[in-house]
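Trainee: Just need the structure, nothing else, for what follows:
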Amino acid sequence: MAEPFYRGWMDMTQFDFYPDASRALSLDRGMHRELGLSLRHVFEASKAAIQFDQIGMNRLIDQLSGPTVVSPAVFARYYELVEAITDDQLNEARRLFDELANAKPVPKTLRVVTLGEPELGEESERYGRLMNADASIDLGFLPPVPEVAAAFRERLAHGIRLLDTVLPELAGEIRAIVHQVVIVGSNPTAKFQFDGGSHYQLWGALFLNGNFHPDEIAVAEVLAHESAHSLLFGFCTHEPLVYNDDEELFSSPLRVDKRPMDGIYHATFVSARMHWTMSQLAQSDALDSAQRERAQAAAETDAVNFNNGYAVVAEHANLSNLGRSLMASAKAYMDSIR
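Mentor: Model prediction:
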């Protein structure tokens, strides 16, 4: 397992439940700065033993201390680099150092790409490998059919515009921490159907299955869902949310399979975020009556999921101070709507 980023920069962040675009921007900048600090440490520890492009690495590290945004794959390569060094795979480490040295900044705008398209190149393989890493679950994580991807791009644009109009603070938060939405497909015969996800080693990436999320309300909900996972990834770089052993499995409000407590915690917090989003949309005059009804129905489901998840967390979770603070904020919101 790769070493985590350096820690200590989160002291200024308020661990509050509600969307905050400014906080999210600080979070994203902090993640990039910490990547630079971690790469500097690996650089200094390795330069005597491994030949690599030190000028290029210095350039990348300097860029990460400023306003530069890098691809999610740059974060993934950091973890792969540390693992290669730990396993004494020096040729692989040299290759990864040189790939990092050649990394280029990416636009700060939210980009939508399709798994398997030429623009992603070899990153499609990296994304698929990381998102399919759990050998016990076949997610069928595949490139989408072109027609499915094209139709979903349009629905995604409608969903983002809806959030821009009704919930601009949430939209701003999403744009601050999500730099790349990757449209994927899935194997319809797989036991588990992947509808969306993110990965802590792919900061800035959000994966959505184009076969799901049939309208702008569903798209808004999944954006709130998956970006909340990313938010938690960013929050917990300095300490975990829970101290439970990953071997302990519990019933999840959002999955049919049992999950470690960290997964239960995520699902519970995310359910509250989804409820907030859907309930806000259900009250908006910007939506027609049918849209408001769909949002209200989704909010009711989210409330049930939160309550189910919170019961498991309250009974079994060994919470960190961070985990306790964040969950208390989510619970206070859910209690306020009763």
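Trainee: ok, and the residue most central in space within the chain, which helix or strand is that part of?
Mentor: By CA atoms, centre = their mean, the chain has its centre lying nearest to Ser230, at 3.1 Å. Following DSSP states H and E, one finds Ser230 within helix 216-235.
Trainee: So, low pLDDT: which residues of the protein?
Mentor: 1-14, 135-136, 138, 254 (pLDDT under 70).
Trainee: Surely His225 touches Ala267?
Mentor: No: contact between His225 and Ala267 fails when scored by CB atoms under 8 Å: they sit 9.5 Å apart. Just so you know, the C-beta spots here come from the backbone N, C-alpha and C atoms, and that holds for glycine as well.
Trainee: before we move on, the earlier item: do I have it right that the residue nearest to the centre of the chain meets Gly197?
Mentor: No: with contacts counted by CB under 8 Å, Ser230 stays clear of Gly197, the gap being 10.3 Å.
Trainee: can you list residues touching both of the two?
Mentor: Common neighbours of Ser230 and Gly197, using CB atoms under 8 Å, 6 or more residues apart in numbering, are Leu206.
Trainee: residue boundaries of the helices in the stretch 101-250 of the chain?
Mentor: Assigned by DSSP state H, counting those that start in this stretch, the stretch 101-250 of the chain shows helices spanning 123-131, 146-166, 168-177, 216-235.
Trainee: Serialize the ones you listed to a markdown table and add fields for distance to Val242.
Mentor: Listed next are the helices of the stretch 101-250 of the chain as a markdown table, based on distance: least, CB to CB, whole Å:
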| stretch | distance to Val242 |
| --- | --- |
| helix 123-131 | 22 |
| helix 146-166 | 30 |
| helix 168-177 | 22 |
| helix 216-235 | 11 |
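Trainee: in this protein, which spans are strands?
Mentor: For the chain, applying DSSP state E gives strands covering 111-114, 141-142, 180-186, 196-197, 205-209.
Trainee: can you redo those strands as TSV with mean neighbour count?
Mentor: Formatted as TSV, these follow (neighbours: other CB atoms under 10 Å):
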stretch	mean neighbour count
strand 111-114	18
strand 141-142	19
strand 180-186	23
strand 196-197	19
strand 205-209	25
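Trainee: Which one of those lies nearest to Glu216?
Mentor: Minimum separation from Glu216 across the strands of the chain (CB to CB) falls at strand 205-209, 13.4 Å.
Trainee: Who are the packing partners of that closest one?
Mentor: Where contact means 3 or more CB pairs under 8 Å, 6 or more residues apart in numbering; DSSP states H and E, strand 205-209 is packed against helix 123-131, strand 180-186, strand 196-197, helix 216-235.
Trainee: so what strands line up beside that strand?
Mentor: Strands adjacent to strand 205-209 in the sheet, as given by DSSP bridges, are strand 180-186 (parallel), strand 196-197 (antiparallel).
Trainee: now the first one: how far from the chain's centre is it?
Mentor: Centroid separation for strand 180-186 versus its chain: 13 Å, with CA atoms, centre = their mean, to the nearest Å.
Trainee: between that strand and helix 123-131, how big is the angle?
Mentor: 70 degrees (axes from the mean of the first three to the mean of the last three CA atoms, to 10 degrees).
Trainee: export strand 180-186 as CSV, just CAs?
Mentor: What follows is strand 180-186, C-alpha atoms only, in CSV (Å, rounded to 0.1, in the frame of the first residue of the first chain):
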residue,chain,number,x,y,z
GLN,A,180,-12.8,15.0,-15.0
VAL,A,181,-16.1,13.1,-15.4
VAL,A,182,-15.5,9.8,-17.1
ILE,A,183,-18.4,8.2,-18.9
VAL,A,184,-18.3,4.4,-18.6
GLY,A,185,-20.4,1.4,-19.5
SER,A,186,-20.9,-2.0,-17.9
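Trainee: Perfect, I'm done here.
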